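**Q** need a 3D model of the sequence below.
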Amino acid sequence: MQIEYIVSGLAVGFLVGLTGVGGGSLMTPLLVFLFGFSPSTAVGTDLLFAAITKSGGVLVHHYNHRSVEWKVVGLLGLGSIPSAIGVLYILSQIGSQKEIATLITHTLGVALLFTAVALMFRNRLVKASLELDCHDTKGRFARWTNPMTIVTGIVLGVLVTLSSVGAGALGTVALFFLYPRLPTVKIVGTDLAHAIPLTAVAGFGHWLMGNVDFELLFSLLGGSLPGIYLGSHLSARIPEYILRPILATLLLVIGVKFVL
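**A** Sure thing, here's the model as predicted:
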């Protein structure tokens, strides 16, 4: 295992524990810009990295907090897993690695821009959803919740498979909007539970296409696990209103660089 990858895993794990933002938003750009990995390898490796690191969090949420809404997880998966498999099939049919890299790069940039916007306006979106829910006395909005959850899964499946970004910040914001009455801990637990099968399926597909570097994967894991532990313990001491704009601005700049 190479020390620079371990240190990178430590840094990203620390930021994930500190901010709660998915590692894909931070890890994949780091692998591409700092270490020069191809976008395909960065995305494929990060997907398996996410599937492994998120598993421990789901166990805690399920057994300690009972905070996973499995029905919602099922609805999201009903959309995300087929769309992930569909994207993997399309990628496997594209003969040119240059075309695949271009597609992944542009999708990664768009996903990072969406994530930055979601971070900036999350509170406003949640407030708007609560107001809509309060005024929806006839339950018209509620009737659309299940179909919209499946559609959300489809969108997340495409974005995550192509960019490894979206299962964290975007998924959480979507659940806040669709299920405004759910406590935050259940939103987080449900989003984590859905991210595991999605990133595992997408990561396995990238592995079959040769897009996973296992030496890199194990090095990142060696650093990220203690990093997440440290960041989680410090997160309560740093105000969210300071962290969120800084992180959103960083993702915005990186997203623009990928798109352009």
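**Q** apart from its chain neighbours, what residue comes closest to residue 165?
**A** residue 111 (3.8 Å; CB to CB, 6 or more residues apart in numbering). Quick note: C-beta positions are derived from backbone N, CA and C, even for glycine.
**Q** verify the stated contact: that neighbour with residue 161.
**A** No - using CB atoms under 8 Å, residue 111 makes no contact with residue 161, being 10.8 Å away.
**Q** okay, these two: which has more neighbours?
**A** residue 161 (30 against 27; other CB atoms under 10 Å).
**Q** what comes up buried for stretch 155-173?
**A** Within stretch 155-173, the residues that qualify as buried are 155-173, counting by 16 or more other CB atoms under 10 Å.
**Q** kindly apply the preceding question to stretch 85-98 instead.
**A** Buried, per 16+ other CB under 10 Å, within stretch 85-98: 87-88, 91.
**Q** ok, those vs residue 217, which is closest?
**A** Closest to residue 217 out of those is residue 88 (18.4 Å), distances taken as CB to CB.
**Q** wait, doesn't the closest one sit right on residue 205?
**A** Yes - with contact defined as CB under 8 Å, residue 88 counts as touching residue 205 (3.6 Å).
**Q** next, show the common contact partners of the two.
**A** Contact with both residue 88 and residue 205 is made by residues residue 161, according to CB atoms under 8 Å, 6 or more residues apart in numbering.
**Q** returning to that earlier point: is the residue nearest to residue 165 in a helix, a strand, or coil?
**A** helix (DSSP: H, G, I helix; E, B strand; the rest coil).
**Q** quick one: residues contacting it.
**A** So residue 111 contacts 25, 159, 162-163, 165-166, 170, 255 (CB under 8 Å, 6+ apart).
**Q** the stretch 51-200 of the chain: strands as residue ranges?
**A** Per DSSP state E, counting those that start in this stretch, the stretch 51-200 of the chain carries no strands over any range.
**Q** what segments of it are helices?
**A** Assigned by DSSP state H, counting those that start in this stretch, the stretch 51-200 of the chain shows helices spanning 70-93, 97-135, 140-143, 145-163, 169-178, 184-208.
**Q** give the next helix or strand downstream of the last one.
**A** Sequence-wise, the next helix or strand downstream of helix 184-208 (DSSP states H and E) is helix 214-234.
**Q** now do that following helix: distance to the chain's middle.
**A** 16 Å (CA atoms, centre = their mean, to the nearest Å).
**Q** and what of stretch 101-120?
**A** Worked out by CA atoms, centre = their mean, stretch 101-120 lies 11 Å from the chain centre.
**Q** pLDDT weak spots in the stretch 151-260 of the chain?
**A** Scanning the stretch 151-260 of the chain for pLDDT under 70 picks out 232-233, 235-241.
**Q** buried sites along stretch 176-189?
**A** Buried residues in stretch 176-189 (16+ other CB under 10 Å): 176-180, 182, 186-189.
**Q** quick one: end-to-end length of that stretch, please.
**A** With CA to CA, to the nearest Å as the measure, the ends of stretch 176-189 fall 12 Å from one another.
**Q** what of stretch 25-40?
**A** One end of stretch 25-40 to the other measures 15 Å (CA to CA).
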